[in-house]
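Novice: Here is a sequence with its predicted model. Questions after.
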Amino acid sequence: MSKLLKRALKIAVWPAIIMIAAKVLGILGINALYNLDYYIDNQIEGIYSVQICYTDPSSTILVNSLSDIIMIVALALPTFYFTIKTLLYETSFQNPRTIVKITELNILKWITKKGTTFLQIFIWSAFLTTSSAIAIAHSVQGNAYSWVGITAMIIGILSIWGMIKTYQLETDKIYPRENIYY
Amino acid sequence: MAVYSFKTKTILSKLAEPLLIVALITIFVLPILSVINLSPKTGEIKKSDILGASTQSGCTVDLIGGQHKIFSSEKLTQTEGIGMFEYTVTIGKRSAGRYSKPILRIKNKTDQQKTIIFDGQTAINTKSDIFLLSGNNSYILQNSTGITHTEKLTFNPNEEKIIFLAVENSANVQFSEIFKMTISIE
């Protein structure tokens, strides 16, 4: 059995759980916080027969926007942590200034052990980008505020950029770019 | 034996790989579909199926329900407006004759006299007389030529009546029909 597949499966479980849980808890939390009136519709349209509905469009937009943001933040925090950690780890080998800065910030732990793989960053970034795309779609459809769509787009672009940067660092290990060393 | 077991293990692990790919795809697709599906929507509260309802007009309308060979899929829904109901039933294929079933229990809970208006018809005419029965009185809603009538029933203070739906046809009817009736409390 492919080790890569097994590992990918193992890594993908957590972002999948976080994505659903953050959205659901976001909806429930905002309902409780703003004391909104909602009802459960049981029309079978998608994979679930349960659909949360609001009679007021402004409530729908508020709940959709904030729950989308909660979902994106819940996925963005670990993704950016993994990406920054890997980038710092890799650059600390080549740049002593990075080590000095890391020591000043008291985050030496981040570069003492790699602990993060490109596969992990790739999977988390894929989930984050998808979540951002959903939030952008909600915003375009008028089901979420426009600032949610813009924030989601920025976070999505940053996550793709982080993933590409990590990929570049990984490929540099295999095919070193000569201009860096000479 | 050890070689055989190793070969089996290798084959099984190769067979499991496509399943692992499917599982991986599922793990990616499932949260996406869940989030899309769980995203709240704006909608109007639909007319709800009710077994009985107390209205602001002070009358209660209860669906009696139960099993019947000819009358099936009974539904009582509260429509927009105070004291407005819609009753639907499927009248099945039947031999010539007269059939009836208790359908509603209506009670006037006020100390004033109330009038309840019944208006019902089928989408297609099966040359049957469809009427309501209450006590010894019958109230025709649709006759065999398809002409419909609006019927009014008067309820005295705290009076309760059981309303029967009856259908009578002189020839066999070979197909089902849906009968809709609106009930409005004045």
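Specialist: Perfect, I can see it now.

Novice: Let me see the confidence value for residue A:88.
Specialist: On pLDDT, residue A:88 comes in at 81.

Novice: wait, residue B:119
Specialist: The score at residue B:119 is 90. That number is its pLDDT.

Novice: Surely it is within a strand?
Specialist: Yes: judged by DSSP: H, G, I helix; E, B strand; the rest coil, residue B:119 forms part of a strand.

Novice: Get me the contact residues on chain B for chain A.
Specialist: Counting by C-beta under 8 Å from any C-beta of the partner chain, chain B comes close to chain A at B:13-14, B:16-17, B:20-21, B:23-24, B:27-28, B:30-46. Yep, even glycine has a C-beta here, placed from its N, CA and C like the rest.

Novice: Just the buried ones out of the residues you listed, please.
Specialist: B:20, B:23-24, B:27-28, B:31-32, B:34-35, B:38-40 (16 or more other C-beta atoms under 10 Å in any protein chain shown).

Novice: want to throw those residues into JSON lines with pLDDT and secondary structure?
Specialist: Converted to JSON lines, those look like this (pLDDT from 0 to 100; DSSP: H, G, I helix; E, B strand; the rest coil):
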{"residue": "B:20", "pLDDT": "85", "secondary structure": "helix"}
{"residue": "B:23", "pLDDT": "89", "secondary structure": "helix"}
{"residue": "B:24", "pLDDT": "88", "secondary structure": "helix"}
{"residue": "B:27", "pLDDT": "90", "secondary structure": "helix"}
{"residue": "B:28", "pLDDT": "91", "secondary structure": "helix"}
{"residue": "B:31", "pLDDT": "91", "secondary structure": "helix"}
{"residue": "B:32", "pLDDT": "91", "secondary structure": "helix"}
{"residue": "B:34", "pLDDT": "88", "secondary structure": "helix"}
{"residue": "B:35", "pLDDT": "89", "secondary structure": "helix"}
{"residue": "B:38", "pLDDT": "84", "secondary structure": "helix"}
{"residue": "B:39", "pLDDT": "85", "secondary structure": "coil"}
{"residue": "B:40", "pLDDT": "85", "secondary structure": "coil"}
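
Novice: What is the nearest of these to residue A:32?
Specialist: Distance to residue A:32, by C-beta to C-beta, is smallest for residue B:40 among these, at 14.2 Å.

Novice: list the contacts for the residue nearest to residue B:138 when sequence neighbours are not counted?
Specialist: Using C-beta to C-beta, 6 or more residues apart in numbering or on different chains and skipping the chain neighbours, the partner closest in space to residue B:138 is residue B:131 (5.0 Å). Residues counted as contacts of residue B:131 (C-beta atoms under 8 Å, 6 or more residues apart in numbering or on different chains) are B:138-142, B:165-168.

Novice: now swap in residue A:34 and tell me
Specialist: Neighbours of residue A:34 in contact, by C-beta under 8 Å, 6+ apart: A:59, A:62.

Novice: Quick check, central residue of chain B?
Specialist: Central residue check for chain B by C-alpha atoms, centre = their mean: the C-alpha nearest the mean position is that of residue B:75, 2.7 Å away.

Novice: correct me, but that one touches residue B:103?
Specialist: No: taking C-beta atoms under 8 Å as the contact criterion, residue B:75 and residue B:103 are not neighbours in contact, 10.8 Å apart.

Novice: intersection of neighbour lists for the two?
Specialist: Both residue B:75 and residue B:103 are contacted by B:63, B:87, B:89, under the criterion C-beta under 8 Å, 6+ apart.

Novice: quick one: the helices in the chain?
Specialist: I went with chain A, as the question did not name one. Applying DSSP state H to chain A gives helices spanning A:3-34, A:57-94, A:96-104, A:109-112, A:118-141, A:146-174, A:178-181.

Novice: Not quite, go with chain B.
Specialist: Going by DSSP H, chain B shows helices at B:2-38.

Novice: Let me see the domain layout of it.
Specialist: Chain B breaks down into these domains under automatic domain parsing: B:1-43, B:52-185.

Novice: As JSON lines, the ones you listed with distance to residue A:61 would be great.
Specialist: As requested, these are arranged in JSON lines below (distance: least, C-beta to C-beta, whole Å):
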{"stretch": "domain B:1-43", "distance to residue A:61": "9"}
{"stretch": "domain B:52-185", "distance to residue A:61": "26"}
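
Novice: which of those domains is buried the deepest?
Specialist: domain B:52-185 (a mean of 16; mean count of other C-beta atoms under 10 Å in any protein chain shown).
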